[in-house]
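K.L.:
make a model of this:
(one chain, ligands or ions: 1)
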Amino acid sequence: MEINRVNTRIIPFRFEYHSPNSLEEALALLSKYGSEARILAGGTDLLVDMKQRLIEPRHLIDIKRIPELRLLREDSGGLMIGSAVRLRELERSEAIKLRFPLLREAVSSMGSVQVRNMGTIGGNLCRASPSADAAVALLALEAEAQIAGPTGIRRSPLEEFFLGPRMTLLKPDEILTGVYVPYPPEDGGSSFMKLGRTSLDLAIVNIAVVLRLKGWTIDHCRIAMGSVAPKPLRLRNVEGFLLGREFAPEVLEEAAGMVEASIKPITDIRATAEYRKEASRVLLRDALKTAMERCGGRRP
Ligand SMILES: Cc1cc2nc3c(=O)[nH]c(=O)nc-3n(C[C@H](O)[C@H](O)[C@H](O)COP(=O)(O)OP(=O)(O)OC[C@H]3O[C@@H](n4cnc5c(N)ncnc54)[C@H](O)[C@@H]3O)c2cc1C
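P.N.:
This next block holds a predicted model:
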């Protein structure tokens, strides 16, 4: 039978829906059903894939009823964000607004209010799209992924969590329970920028910068970019170049010239590789300037 890939209202196969109330229950279901099962968070990516029959899981394990995955918990060093926290909750959170304006900027740029009301932070990370906006912001914030499996909890730097398009460190019997985001420097500044074809589009290129200056010298610099490689990237060579340098136009120019060596963009329906390279240079300069202007406590 010809598959209808246009009318995406229909999920054209049978599956069983599970709604566990605890992490233990969810892990047990995942172990029991193995590769036949998929975690369902907001479903904004997963259900689209199912409607297009890119995947046909026999069991969906909905994690939204698990209380510990729905929490935001601050401690003295940072914030733990449960994986099932919705993007819209992050956008509206006072703690995020005050301490992580970068994440707020990134999340607010994602999809529509409807998508942000359903989509979760964990879903954005686990889908591992090269253009994932929240992932890029969290990379620049040096977040850590917290993963639960049959043998307990482990943590991994987010940078190591992404392996490639739709590929992460997660084993089939593991769940991402949250991300721990350390507080960025108090007197630093940050900026998220995204270039898309329309306001609802996925990024052609996106960038997140966290910066701190001592006088005019850059003494903290984290840069991440998306949609320019098989996974969201930290631009460590550019960071290393900028560290200890004066914030000056010629330094920004040289940094922009280094971007190409770090990225491997492709041509796809959204843009050509050449356009992405040029856009990356421009976004880097603009995002650094904006982050610099926000240093010293000016928030977006
Ligand atoms: C119209 C539209 C616009 C969009 N715009 C953007 C955009 O601008 N920027 C952007 O980055 N994304 C965008 N997206 C993609 C999507 O909305 C986000 O990636 C969202 O954060 C996904 O979260 P979710 O909870 O819906 O994930 P789901 O669809 O529920 O899950 C995604 C994948 O992750 C797995 N998964 C989810 N949670 C876990 C977990 N805790 N542990 C293990 N595996 C898990 C699922 O099994 C699935 O494979 C858009 C999507 C749509 C439909």
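K.L.:
what sits against residue 232?
P.N.:
130, 131, 132, 135, 136, 139, 162, 224, 225, 226 (C-beta atoms under 8 Å, 6 or more residues apart in numbering). All C-beta atoms are positioned from the backbone trio N, CA, C, and that covers glycine.
K.L.:
before we move on, what about residue 82?
P.N.:
68, 69, 70, 71, 72, 122, 177, 178.
K.L.:
change it to 7 Å
P.N.:
Residue 82 makes contact with 68, 69, 70, 71, 178, according to C-beta atoms under 7 Å, 6 or more residues apart in numbering.
K.L.:
residue 241 now?
P.N.:
Counting by C-beta under 7 Å, 6+ apart, residue 241 touches 255, 258.
K.L.:
and the pLDDT for residue 129?
P.N.:
Looking at residue 129, its pLDDT is 97.
K.L.:
nearest residue to it other than its sequence neighbours?
P.N.:
Closest residue to residue 129 apart from its sequence neighbours, by C-beta to C-beta, 6 or more residues apart in numbering: residue 165 at 7.0 Å.
K.L.:
just give the nearest non-adjacent residue to the residue of the chain found nearest the ligand, would you?
P.N.:
Ranked by C-beta to the nearest ligand atom, the top residue of the chain for proximity to the ligand is residue 123, at 2.0 Å. Leaving aside its sequence neighbours, residue 123 sits nearest to residue 41 (C-beta to C-beta, 6+ apart; 4.0 Å).
K.L.:
run a quick neighbour tally on the one you found.
P.N.:
27 (other C-beta atoms under 10 Å).
K.L.:
hang on, it packs against residue 124?
P.N.:
No: with contact defined as C-beta atoms under 7 Å, residue 41 does not count as touching residue 124 (9.1 Å).
K.L.:
which SS class is the residue positioned nearest the centre of the chain?
P.N.:
With distances taken as C-alpha atoms, centre = their mean, the residue of the chain nearest its centroid is residue 135 (1.5 Å). At residue 135 the chain is in helix, as set by DSSP: H, G, I helix; E, B strand; the rest coil.
K.L.:
so what's it up against?
P.N.:
Taking C-beta under 7 Å, 6+ apart, we find residue 135 in contact with 124, 125, 226, 232.
K.L.:
among those, which are located in helices?
P.N.:
124, 125 (DSSP state H).
K.L.:
just the contacts of residue 232 that are near the ligand?
P.N.:
residue 132 (C-beta under 6 Å from any ligand atom).
K.L.:
which of the contacts of residue 232 are buried? Put it as a PyMOL command.
P.N.:
Applying 16 or more other C-beta atoms under 10 Å to these, the buried members can be selected in PyMOL as follows:
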select buried, resi 130+131+132+135+136+139+162+224+225+226
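K.L.:
would you turn the contacts of residue 232 into a markdown table with distance to residue 241?
P.N.:
Converted to a markdown table, these look like this (distance: C-beta to C-beta, whole Å):
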| residue | distance to residue 241 |
| --- | --- |
| 130 | 24 |
| 131 | 25 |
| 132 | 26 |
| 135 | 23 |
| 136 | 20 |
| 139 | 18 |
| 162 | 23 |
| 224 | 16 |
| 225 | 15 |
| 226 | 20 |
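K.L.:
in strands only, show me the contacts of residue 232.
P.N.:
162, 224, 225, 226 (DSSP state E).
K.L.:
next, give me the two most distant ones among the residues you listed.
P.N.:
The most widely separated members of the ones in strands among the contacts of residue 232, counting by C-beta to C-beta, are 162 and 225 (12.5 Å).
K.L.:
what ranges do the strands span in the stretch 151-300 of the chain?
P.N.:
Under the criterion DSSP state E, counting those that start in this stretch, the stretch 151-300 of the chain contains strands at 152-157, 162-164, 167-168, 175-182, 189-195, 205-214, 217-226, 233-234.
K.L.:
what packs against the fifth one?
P.N.:
Just to be clear, that refers to strand 189-195. helix 101-108, strand 205-214, helix 273-294 (3 or more C-beta pairs under 7 Å, 6 or more residues apart in numbering; DSSP states H and E).
K.L.:
what angle sits between the last one and helix 101-108?
P.N.:
Using axes from the mean of the first three to the mean of the last three C-alpha atoms, to 10 degrees, one finds that helix 273-294 and helix 101-108 are set 140 degrees apart in direction.
K.L.:
and the helices and strands packed on strand 189-195 as JSON lines, adding distance to the ligand?
P.N.:
Shown next, in JSON lines, are the helices and strands packed on strand 189-195 (distance: least, C-beta to the nearest ligand atom, whole Å):
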{"stretch": "helix 101-108", "distance to the ligand": "8"}
{"stretch": "strand 205-214", "distance to the ligand": "8"}
{"stretch": "helix 273-294", "distance to the ligand": "16"}
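K.L.:
can you put these in TSV and add mean neighbour count and distance to residue 78?
P.N.:
Output for these, formatted as TSV (neighbours: other C-beta atoms under 10 Å; distance: least, C-beta to C-beta, whole Å):
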stretch	mean neighbour count	distance to residue 78
helix 101-108	25	12
strand 205-214	25	13
helix 273-294	19	19
